[in-house]
Each structure stands twice: as structure tokens, then as C-alpha cells.
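In: A structural model of the following input is requested.
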Amino acid sequence: MITDNISKDQMVSGWINGFIGVLLFSGSMPATKLAVTEMSPLFVTIARAGIAGILALSVLLIYKEKRPAKHQIFSLVLVSIGCVIGFPLLSSLALQYTTSAHSIVFLGILPLMTALFGVLRGGERPHPIFWFFSVAGSLLVIGYAVSQGISASPVGDILMLAAVILCGLGYAEGAKLSKTLGGWQVISWALVLALPLMLPLFFIYFPVDIANVTFQGWFGLAYISLFSMFIGFIFWYKGLAQGGIATIGQLQLLQPFFGLALAAYFLHEQVSLGMVGVTIGIILCVAGTKKFAKSLIKK
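Out: Numbers count the residues shown, from 1 in each chain. From the prediction side, this is the model:
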């Protein structure tokens, strides 16, 4: 067992990059809701991965990046399954059964999933008190959802839970790989791996009533293709690699509340004012995880 010493500068950079990533991801569920309201969830998933994949391939070619090593391919496949296909598809399907405000609440479990996979796949060993704050933050988010009394669909909840599990795996795997391959390179190669599948499916599932899609629908698709699927990951993976998967991953506890604010503003979905008090509690939990995650131990 050896101690993985993360410098103060690395930690600060990690928190900054991670926070920017969370801000960009916060618009994902409301934007996806806009898109799936007018287009099928399957097409939205294919289109966002295809558009981001073409952008990623272009950037890789411009910078003449070397191909990943053979031993890195498996990790990239896991990132692709979790973040490029799994989470986008399952969350899009879930939004057919529930509101974006309700689905956003499930993102409160995502930091815990990311930390768990960080232990399983990344070999991280946070301080025991770290887990207290991590679980407390997740319970605050879940408790807030219950107190809101939001009507839920069992199908939608199961789909969101599966989406969050796959996303946590993709986050942790991508962060581990970012340390050797680079943050933007990881998501770029993961998108490129999915491109041969996405391009044919794009034309197969292209909607016949595409002319009826409004500006809001196109805006939602554009946002999740550019920011949720590509640009956000550049900051997110870099932050996870710099500050640690389990540590920086706790910033995701703030994502549901940014997302709920956006859902309330743009989609006019009802959000309780109690969100303010819970947000303060979440910030305290994030601060706690930050303090007690300084000494990470790697296998």
C-alpha cells in the first residue's frame, strides 16, 4: 500500500475543473427533456453521441493524437458504455415517464457511485469519515425528493437508477485513464469508438417528422451534444484526475440543485423553496469530503 500524495495546486485545479464540469452537466436533464419531448429517446441518444463523436474525431485529427494503447481499449469501452451510450439512453427513456426535476434527484446518488467505482477500479482509499459525508450528502438529496412528494413512475426510477450506476462506472474509469491518456483524449476516443455504430443508426432512426421539431427541441439536442457529451467531460475528467475520483466526484452533489433551478426556470417545473436549505447542507457535506479526502491510499 502506498500513499498517493496530491499537491495543493493539483487539488485546487481539480476542484475548479470539476466545478466547471458540474455546471455544464447541470443543464443535461432539462435539455434532454426538451429534446425527447419532440424526438424519440433513441434518436436523441444516437444523435448526441454522433454529433459529439464527429467533433471529437475532428479534434483528434487536428492535434494528431496517437491512438490509445491496446491495454487502454477496455477502459475506453467501459467509458463509452457508461457515458456515451448507457446513461444518455437510459436517462432519455426515463424522461418519458417522469419530469426532469424528479430524474435530477437521482443524480444525488451519482457521487457515491463514482466514489465506489473509484475504490473498485481506481484503487482509491478515502478516509473513513469521507464516506460519512458522502452518504450524508446522498441521503440529503434523496430526503429532499421524498419531502417534495414528487409523483414517481417505478419504470422511470429503475431506468434512472441503472443510468446512474453506469455513469458512475464511466466517470471512475475515465478518470483513472485520464492520468495517462489525458482528459479530453479519453472522452474523445470513447466517442470515436461508438461512432461506427452511431452513424448508421442515425440515418436508420432519423425522424420522418423532423420538420415539426421546434427551436427548443434543437436547442436541447445541441446542448447535450456539445456540452453534456463533450465539453463538460474535458473539464470533468481533468478535475477527477487532478484531485482524485472520490474527492472531486462529491461536487456532483451540487448538480441536482443547479439542475432543479434550471428545470424550474426553463421548463417551469415546480421546485420547493426548501431546496435552499438542503443546498446549504449539501455544500457542508462537500466541504467535509474535501477535508477528509486529502489522504488517499492506492493499492
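In: From here on, just use CA atoms for contacts and neighbour counts.
Out: OK.
In: any weak-confidence spans in this protein?
Out: Scanning the chain with the threshold set as pLDDT under 70 gives 1-6, 141-142, 144-152, 269-279, 283, 286, 290-299.
In: number of nearby residues for residue 65?
Out: As a burial measure, the neighbour count of residue 65 was computed by other C-alpha atoms under 10 Å and equals 12.
In: Show me where this structure has its strands.
Out: Secondary structure of the chain (DSSP state E): strands at 2-4, 296-298.
In: Please look at residue 289 and residue 249 and confirm they touch.
Out: No - in terms of C-alpha atoms under 8 Å, residue 289 does not count as a neighbour of residue 249; the distance is 9.7 Å.
In: More neighbours: which of those two?
Out: More neighbours sit around residue 249 than around the other of residue 289 and residue 249, counting by other C-alpha under 10 Å; the figures are 32 against 26.
In: Just to check, the more buried one is in contact with residue 113?
Out: No - applying C-alpha under 8 Å as the test, residue 249 and residue 113 come out as separate, 9.1 Å apart.
In: Can you show me the CA trace of stretch 241-261 as CSV?
Out: Presented in CSV, the C-alpha positions along stretch 241-261 are these (Å, rounded to 0.1, in the frame of the first residue of the first chain):
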residue,chain,number,x,y,z
ALA,A,241,-7.6,13.0,-12.5
GLN,A,242,-6.1,16.0,-10.6
GLY,A,243,-7.9,15.8,-7.3
GLY,A,244,-9.0,12.2,-7.1
ILE,A,245,-12.1,10.3,-8.3
ALA,A,246,-13.8,10.0,-4.9
THR,A,247,-12.9,13.6,-3.8
ILE,A,248,-13.8,15.6,-6.8
GLY,A,249,-16.8,13.3,-7.6
GLN,A,250,-18.5,14.8,-4.5
LEU,A,251,-19.1,18.0,-6.4
GLN,A,252,-21.8,16.1,-8.2
LEU,A,253,-23.9,16.6,-5.0
LEU,A,254,-24.4,20.1,-6.2
GLN,A,255,-25.6,19.1,-9.7
PRO,A,256,-29.2,18.2,-8.8
PHE,A,257,-29.8,21.6,-7.3
PHE,A,258,-28.3,23.5,-10.2
GLY,A,259,-30.3,21.3,-12.5
LEU,A,260,-33.5,21.8,-10.4
ALA,A,261,-33.1,25.6,-10.7
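In: Report the distance from that stretch to the chain centre.
Out: Between the mean C-alpha location of stretch 241-261 and the chain-wide mean there is a distance of 9 Å, by C-alpha atoms, centre = their mean, to the nearest Å.
In: and if you look at stretch 13-32?
Out: Centroid separation between stretch 13-32 and its chain, computed with C-alpha atoms, centre = their mean, is 8 Å.
In: Residue 12 versus the nearest residue to residue 85 once chain neighbours are set aside, what's the distance?
Out: Distance criterion C-alpha to C-alpha, 6 or more residues apart in numbering; nearest residue to residue 85, sequence neighbours excluded, is residue 45 at 7.0 Å. Residue 45 sits at a distance of 34 Å from residue 12 (criterion: C-alpha to C-alpha, to the nearest Å).
In: of the two, who's got more company?
Out: Here residue 45 and residue 12 are set side by side on neighbour count (other C-alpha under 10 Å), and the busier one is residue 45, at 28 against 14.
In: Enumerate every residue touching the more buried one.
Out: Each residue near residue 45 by C-alpha atoms under 8 Å, 6 or more residues apart in numbering is listed here: 85, 88, 89, 92.
In: And those residues, which two are furthest apart?
Out: Within those, two members stand farthest from each other by C-alpha to C-alpha: 85 and 92, at 10.7 Å.
In: So for the two, which residue has more residues nearby?
Out: It is residue 92, of residue 85 and residue 92, that has more neighbours when counted by other C-alpha under 10 Å, with 29 against 21.
In: residues of the helix ranked longest in the chain that come out buried?
Out: Criterion DSSP state H: the longest helix present in the chain is helix 154-181. Of the residues in helix 154-181, 156-157, 159-161, 163-178, 181 count as buried by neighbour count, 16 or more other C-alpha atoms under 10 Å.
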